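Colleague: Got a predicted model here, sequence first, then my questions.
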Amino acid sequence: CLTFFWFQDTQDAPLFGEEDENNQTKRSKMRHPLVSFFHLFFRTSAILVYLFCDILSGRFVVCMVTIILLLSCDFWTVKNVSGRLLVGLRWWNQVDENGKSHWVFESKKTGSKNTTSSAESRVFWLGLLVCPIFWILFVFSTVFSFNIKWLVVVILGLVLQWANLYGYVRCKVGGKSNLRNMAKNYLGVQILKRAMTQPESL
């Protein structure tokens, strides 16, 4: 089966704190507080259960099942709910009539009336970026401590959260060339801002 990638780019969904200055006041309010809460709840709960498993329950099976359930709920919530409502992005896989697999990365159409909230965008990207870092650390700590029984759980946590991160970054920036261009543009803007804010030396 061949895999194709479809992209629909937009400028309406802010990324990593990017926002429209003219609408900053209107977009700073939380429009979906419950969605924002559960966007962070499942993934942070999975991390906390893993860290405090010995305190919460001495049984490995109970902790493992709890973490897997939380990770599964997090993956479904982020992929199907919070990404669409908080930042106007979504991704999925579909198979056509010929049996070919298509990965679709979609973003909100330009000119849409329902602009995204900058506050919700920060919550979304912060949770999406920070939590996978914890699972990377858990993988290394599990390997170096020879705690093999937890290895499957931490790898599952890393894979599920990395999949959502990769999918939404591809939704926003498109192909790899766009990702490199975005990084260069961001660094250029930051350098320009610093140069403009530095006091003139006499």
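Modeller: Perfect, thanks for sending it. What you see is a predicted model, and the numbers here were worked out from it, not measured in a lab.
Colleague: Could you give the number of residues near residue 76?
Modeller: Counted with other Cβ atoms under 10 Å, residues neighbouring residue 76 total 12. For glycine as for every other residue, the C-beta is placed from the backbone atoms N, C-alpha and C.
Colleague: Kindly report the same for residue 44.
Modeller: For residue 44, using other Cβ under 10 Å, the count is 16.
Colleague: Find the helix or strand that it is a member of.
Modeller: helix 33-51 (DSSP states H and E).
Colleague: Are there helices or strands packed against that helix, and which ones?
Modeller: Applying 3 or more Cβ pairs under 8 Å, 6 or more residues apart in numbering; DSSP states H and E, we find helix 33-51 packed against helix 60-77, helix 83-86, helix 118-144, helix 151-173.
Colleague: for the helix or strand following it, what is the average pLDDT?
Modeller: Next helix or strand after helix 33-51 toward the C-terminus (DSSP H and E): helix 53-56. Averaging pLDDT along helix 53-56 yields 79.
Colleague: And the contacts of helix 53-56?
Modeller: Defining contact as Cβ atoms under 8 Å, 6 or more residues apart in numbering, one finds that helix 53-56 is touched by 49, 60, 63.
Colleague: Which residue, other than its chain neighbours, is closest to the last one?
Modeller: It refers to residue 63. residue 53 (4.1 Å; Cβ to Cβ, 6 or more residues apart in numbering).
Colleague: Same question for the second one.
Modeller: Excluding its sequence neighbours, the residue lying closest to residue 60 (Cβ to Cβ, 6+ apart) is residue 149, at 6.4 Å.
Colleague: Can you pull out the low-pLDDT segments for this structure?
Modeller: 1-28, 109-115, 175-202 (pLDDT under 70).
Colleague: now do 50
Modeller: Along the chain, the parts satisfying pLDDT under 50 run over 1-5, 7-26, 177, 200-202.
Colleague: Report the contact partners of residue 154.
Modeller: Residue 154 neighbours (Cβ under 8 Å, 6+ apart): 50, 135, 138-139, 142.
Colleague: Just the buried ones from these, in ChimeraX syntax?
Modeller: This is the ChimeraX syntax for the buried subset of the contacts of residue 154, where burial follows 16 or more other Cβ atoms under 10 Å:
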select :50,135,138,139,142
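Colleague: Return the member of the contacts of residue 154 nearest to residue 40.
Modeller: residue 135 (15.0 Å; Cβ to Cβ).
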